[in-house]
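Colleague: Sharing a sequence plus its predicted fold:
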Amino acid sequence: MNDQKPKRGILRLLLKLGLWFTALVLLCIGIAESCTWLFSHGRCHDSASECRSNSVGLVLGCSKYISRGHRNLFYSKRMEAAAALWKSGKVSCLIVSGDNRAENYNEPRDMKNSLIALGVPADRIVCDYAGICTYDSVKRANRIFGAQQLIIVSQESHVERAVAIARYLNIEAEGLNAPRFGITRKALIRAYLRERAARVAMLYDMITDRTPAYMGEPESLPN
C-alpha cells in the first residue's frame, strides 16, 4: 500500500503540470486570436474593388502542388486573386514573396510565372526570394522594398494574420481574401489548425521584434 502513495503523488503532479500547460497554451491562443482580430478587423476584403488605391500588392507564397501532378487550390485561388487585384488598378506592382531555400523549390518564381500567364506584366512583378515565413515577407516588404502601404493577398485567415503583423509594424495594410471554394474540407481543417499555431508564433515575433532570417540591401520597386 505504501508503494502506491509515491505513485499517486507523481500522478497528481503530472496532472497538475498537464493542466497548467494546457491552460498556458489556451491563454496564448486566446491572446493571439485577440491580437489578430484587433489589428485586422474591417481591413480584409473579399473583392479588389473594396481595397484602397495607390498601394503595393504583397502576394504570400505557398506550394504550387500538393503532390506530384496535383495542383494546390490554395495556390491557384491566390494567384487568381492577385491577378484580379492588379487588373483592378489598385496597386502599382506586386511583390511575390515566398520560400526559395531548396534548389528545386522556388515559390516566387512559380508565382511570377503564374501571374504572367494570368495577364500581369512581368515588369510589374517583384520577386522576394527570402519570404521564408509570413512575418519575414511582411517586414521585408517594408524594410527591403520600401513599401509603405500594402494590400496583402492570401486566404482569409492567413490574410488576417499578415495584416495584423503589418499594422503592428506600423505599416498601413489591408488584405484581399482569395476564394476558398473548391478546396476540400480536409485541406481547410489542416489549414485552420496550422493557422492557430502560426498565430501563437506571431506573438513571439511581435514581442521580440524578430529580424527576418535573411535581410540584405534595399531594393527599388517599379515606378
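Modeller: Structure received. Numbering: from 1, shown residues only.
Colleague: Check the chain and tell me which residue is nearest its centre.
Modeller: What sits nearest the mean C-alpha location of the chain, by CA atoms, centre = their mean, is residue 134, with 4.1 Å.
Colleague: Can you tell me how far that residue is from residue 186?
Modeller: Residue 134 sits 23 Å away from residue 186, going by CB to CB, to the nearest Å. C-beta here means a position set from N, CA and C on the backbone, and glycine is covered the same way.
Colleague: With residue 58 instead?
Modeller: Distance from residue 58 to residue 186, by CB to CB: 28 Å.
Colleague: neighbour-wise, which of those two wins?
Modeller: Neighbour count, other CB atoms under 10 Å: between residue 58 and residue 186, residue 58 has more, with 33 against 8.
Colleague: roughly how far is the lowest-mean-pLDDT helix or strand in the chain from the heart of the chain?
Modeller: In the chain, no helix or strand scores lower on mean pLDDT, DSSP states H and E than strand 65-67, which sits at a mean of 79. Offset of strand 65-67 from its chain centre (CA atoms, centre = their mean, to the nearest Å): 19 Å.
Colleague: Adjacent strands (with direction) for it?
Modeller: strand 70-71 (antiparallel) (DSSP bridges).
Colleague: Against which helices or strands is the helix or strand just after the partner strand packed?
Modeller: With elements assigned by DSSP states H and E, the helix or strand that comes after strand 70-71 is helix 73-87. Other helices and strands packing on helix 73-87, by 3 or more CB pairs under 8 Å, 6 or more residues apart in numbering; DSSP states H and E, are strand 55-60, strand 91-97, helix 107-117, strand 149-155, strand 172-178, helix 185-208.
Colleague: Now do helix 73-87 against helix 107-117, angle only.
Modeller: 60 degrees (axes from the mean of the first three to the mean of the last three CA atoms, to 10 degrees).
Colleague: What are the buried residues along helix 73-87?
Modeller: 73-86 (16 or more other CB atoms under 10 Å).
Colleague: Just the closest of those residues to residue 192, please.
Modeller: residue 74 (12.3 Å; CB to CB).
Colleague: Look up the closest residue to the closest one, ignoring the ones flanking it.
Modeller: residue 62 (5.5 Å; CB to CB, 6 or more residues apart in numbering).
Colleague: Quick check: the gap between the one you found and residue 99.
Modeller: 9 Å.
Colleague: Need the overlap of contacts for the two.
Modeller: residue 107 (CB atoms under 8 Å, 6 or more residues apart in numbering).
Colleague: and stretch 165-173, average pLDDT?
Modeller: Mean pLDDT, stretch 165-173: 96.
Colleague: Now do it: everything it contacts.
Modeller: Here stretch 165-173 has contacts from 35, 39-40, 43, 134-135, 138-139, 141-142, 147-152, 162-163, 202, 205-206, using CB under 8 Å, 6+ apart.
Colleague: The same query, at a cut-off of 7 Å, please.
Modeller: 39, 43, 134-135, 138-139, 142, 148-150, 152, 163, 202, 206 (CB atoms under 7 Å, 6 or more residues apart in numbering).
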